[in-house]
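# Sequence first, predicted model second:
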Amino acid sequence: MGKAASFQTSHARRVRMKTTMATPNLRNQQRVDVSADITIEKPDGECLTCSVANLSRSGVMISCSEKAVKQLIPDRKAPAPGHWIPVKARFSVPVLPTQPVSVIADGSIVNMRRVARDEFHLGIQFAEFEGNGYDYLDRYVSKLLADSRKPTGA
């Protein structure tokens with residue numbers, strides 16, 4: 001390629017670039033991918049079973065069918081800040097390899113997005129744990145994070 005004959009920009013006009021919006025991380029904790037069942041209980045006592053997509057110490061992302069979403073969020077609109085949907089989450093974590101324990105947490109559905117034709121992801125932010133639930137969850141997430149940082153053998 002040849003050299004530019006002139007670097008004059010008297011005829012050039014300013015162009016403002018649009019900044020790309022990064023998707024904000026709605027949790028302040030690291031997430032780990034987990035595949036497990038989770039039971040979501042609505043305030044009226046109705047229970048639904050969904051799948052865990054990822055988990056952190058402060059919340060869980062669940063994967064649900066459209067039918068389940070209609071039961072949890074009747075108008076199928078993402079919850080607005082401050083208008084979150086209260087739920088209770090029940091799931092198991094293996095504290096020891098042979099001893100899974102139940103974690104029961106009150107929380108709120110704070111996020112919803114469609115990821116496929118009949119698959120939605122709902123973000124649940126934990127508010128309060130029953131018993132030692134937070135300790136069990138903390139140990140489990142810490143172990144998964146530590147395992148993910150270990151180098152793989154060659």
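Yep, that arrived. Numbers count the residues shown, from 1 in each chain.

# mind checking how far the residue minimising distance to the centre of the chain is from residue 120?
Centroid check for the chain by C-alpha atoms, centre = their mean gives residue 61 as the closest residue, at 3.3 Å. Between residue 61 and residue 120 the computed distance is 11 Å (C-beta to C-beta, to the nearest Å). For every residue, glycine as well, the C-beta is placed using N, CA and C.

# Helices of the protein, residue ranges please.
66-72, 133-149 (DSSP state H).

# okay if I get the ones you listed as JSON lines plus mean neighbour count?
Listed next are the helices of the chain as JSON lines, based on neighbours: other C-beta atoms under 10 Å:
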{"stretch": "helix 66-72", "mean neighbour count": "16"}
{"stretch": "helix 133-149", "mean neighbour count": "15"}
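
# any chance of these in TSV, plus distance to residue 113 and mean pLDDT?
Below are those laid out as TSV (distance: least, C-beta to C-beta, whole Å; pLDDT from 0 to 100):
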stretch	distance to residue 113	mean pLDDT
helix 66-72	11	93
helix 133-149	22	90
